[in-house]
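Trainee: 3D model of this:
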Amino acid sequence: MADWTDGYVTDVGYICGYYGELNPLRGRLALLHSGFVAPEIETACELGFGQGLSVNIHAAGLPVRWHGTDFNPAQVAFARELATASTAKVTLSDEAFATFVQRHDLPDFDYIGLHGIWSWISNDNRAAIVDFVRRKLKVGGLLYISYNTFPGWAAFAPLRHLMAEHADRFGAEGQGTINRINGALDFVDKFIAANPAYLRANPHVAERFAQIKGQNRHYLAHEYFNRDWDPMHFGAFARWLEPAKVSFACSADYMEHYDIFNLTQDQSTYLSNIPDVLFRQSVRDFLVNQQFRRDYWVKGARRLTPLETNERLRSERVVLLSQRADIALKVTRSFGEIALRPEIYEPILDLLAPHIPKTLAEIEQAVAGKGIAFNAIVGAVMVLIGVGHVAPAQAPDAAAAARKRTDRLNAYLLDAARSKGQVAHLASPITASGVQLSRFQQLFLLALRQGRRAPSDWAEFAWQFLQLQGERILKDGAQLETAEQNLAELNTQATAFAERHLPVVKALQIA
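Mentor: Below is the predicted model:
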């Protein structure tokens with residue numbers, strides 16, 4: 001009997017993650033910032049969509065026709081429930097890549113995205129995806145793809161192999177993936193205690209393993225325990241994509257666009273002297289010890305002139321996601337903190353503080369006379385998006401058209417929060433993206449939707465559902481046992497939500 005799983009973990013569902021880099025709005029701004037023509041996106045496809053949260057949020061939020069496939073039928077069933085709830089234009093399949101990419105009823109796509117799966121699939125599936133991009137991505141179309149990469153995985157890869165090998169050889173088939181993972185983690189604990197020379201030569205591996213042990217087992221199952229697990233050097237990955245006729249455009253991580261946040265001055269100078277674009281990326285990965293790449297590629301990339309770039313950037317909209325008072329003018333990176341220039345950032349943040357979307361042209365006009373050049377405005381906005389305080393926003397008419405769809409999707413997710421907390425994002429029609437909200441915050445919103453106005457009433461509402469399911473709150477690693485303790489914590493969280501988060505949630509048209 002054929003193994004339909006193709007070596008991929010299927011008895012444990014993937015986490016309900018949201019991945020903003022898949023949002024075409026984010027891709028458009030990144031391309032324009034890098035001086036490339038950005039396509040108008042009417043048709044889009046996500047390959048390997050997992051639980052389907054990202055594809056459903058983007059389908060609800062954008063005037064785009066979406067398609068996608070994920071071969072785990074349980075995940076597809078959940079994703080289709082979300083699609084039914086929102087009534088968005090999205091068609092989701094449970095076909096394997098090799099089958100899906102051969103379909104003749106699919107349109108050509110302006111955008112194709114896949115997050116992470118490249119590292120966990122076979123070479124045959126990679127070849128099928130490349131051929132799909134070659135045939136189905138329109139000329140001028142955008143490809144987003146992310147994957148595990150070297151050299152960042154070089155030291156840990158042998159230990160990952162040992163973990164997966166233990167799970168395969170010593171985990172009985174009937175145990176289930178979670179028990180096999182726990183067995184492998186216990187084994188590695190004993191392995192580390194034996195003080196092997198491998199760990200003495202790679203001392204950071206033990207620290208990384210300690211972090212892994214505390215992570216969600218469903219995440220670990222898909223991240224570390226698939227049969228195929230292949231981090232890839234950027235150069236090797238670029239050779240894979242050659243038949244698809246796509247060119248590297250830029251990183252989807254906005255912070256990667258600025259060397260100051262990643263490289264020393266000497267490293268930046270050294271890198272700038274490498275003329276070949278692709279080899280420069282390979283060398284850069286070594287300079288930063290890159291572990292995971294998120295990149296945009298374009299089929300038929302066309303350069304804009306500086307004048308064209310700035311004209312198109314001026315029409316881009318952005319909105320503030322955080323409370324102004326919560327934003328510190330510093331960025332923390334692996335090598336320390338970098339201060340942001342207050343004379344540039346403060347006027348921009350003050351303008352965005354009401355959480356009303358502004359075009360970059362409107363920001364430029366508002367700060368005129370403060371000596372802030374347009375390229376400095378663009379740089380500040382890119383950094384603020386990179387650290388999560390700001391997001392690209394869509395045109396008002398598109399946001400208004402999306403509101404009914406995102407309301408329906410959010411209503412479904414809020415209702416689900418009564419019994420479980422697997423989804424930690426709701427959809428904003430303003431940004432066409434997911435906005436992170438905890439299960440308790442979602443319950444507070446549900447209470448508000450039902451007419452309860454006071455934070456104390458929201459806390460009581462949330463406590464009802466915890467009680468019904470015998471659940472208790474964990475605080476500082478300890479479980480709160482009494483009703484009084486749980487209610488006190490919920491009141492604290494509800495008050496903080498009302499003061500700090502609700503104004504933003506309302507501005508983003510989630511509440």
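
Trainee: how is the chain partitioned into domains?
Mentor: Segmentation of the chain into domains, based on automatic domain parsing, reads 20-151+230-299, 157-217, 439-511.

Trainee: measure the longest one end to end?
Mentor: Yep, that's domain 20-151+230-299 we're talking about. Domain 20-151+230-299 stretches 22 Å from its first residue to its last (C-alpha to C-alpha, to the nearest Å).

Trainee: average model confidence for it?
Mentor: The predicted model gives domain 20-151+230-299 an average pLDDT of 97.

Trainee: go on, the second one?
Mentor: With pLDDT averaged residue by residue, domain 157-217 scores 90.

Trainee: which element is L426 on?
Mentor: Taking DSSP states H and E as the definition, L426 sits inside strand 425-428.

Trainee: need the winner for burial among the domains of the chain.
Mentor: Most buried of these by mean neighbour count (mean count of other C-beta atoms under 10 Å) is domain 20-151+230-299; its value is a mean of 19. Where C-beta positions appear, they are placed from N, C-alpha and C, glycine not excepted.

Trainee: and that one, how far out from the chain's middle?
Mentor: Its chain's average C-alpha position is 11 Å from that of domain 20-151+230-299, according to C-alpha atoms, centre = their mean, to the nearest Å.

Trainee: for the domains of the chain, give me TSV that also has distance to G369.
Mentor: As requested, the domains of the chain are exported to TSV (distance: least, C-beta to C-beta, whole Å):
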stretch	distance to G369
domain 20-151+230-299	25
domain 157-217	48
domain 439-511	27
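
Trainee: which residues touch C16?
Mentor: Contacts for C16 (C-beta atoms under 8 Å, 6 or more residues apart in numbering) come out as 50-51, 53, 422-424.

Trainee: and if you look at W66?
Mentor: Applying C-beta under 8 Å, 6+ apart to W66 gives the contacts 43-46, 55, 58-59, 88-91.

Trainee: nearest to P196, of these?
Mentor: Set against P196, the nearest of these by C-beta to C-beta is E46 (41.1 Å).

Trainee: that closest one should be in a helix, yeah?
Mentor: No - secondary structure of E46 (DSSP: H, G, I helix; E, B strand; the rest coil): strand, not part of a helix.

Trainee: next one: phi and psi at S433?
Mentor: Phi and psi for S433, reported as degrees, to the nearest 10, are phi -140, psi 170.

Trainee: any idea what it is bridged to?
Mentor: Taking DSSP bridges as the rule, S433 bridges to S428.

Trainee: looks like it contacts A391 (just checking).
Mentor: Yes - proximity of S433 to A391 meets the contact threshold set by C-beta atoms under 8 Å, at 6.0 Å.

Trainee: give me the common contacts of those two.
Mentor: Taking C-beta under 8 Å, 6+ apart as the contact rule, the neighbours common to S433 and A391 are 20, 26.

Trainee: ok, of the contacts of C16, which one's closest to E311?
Mentor: The shortest approach to E311 among the contacts of C16 belongs to L53, at 35.1 Å (C-beta to C-beta).
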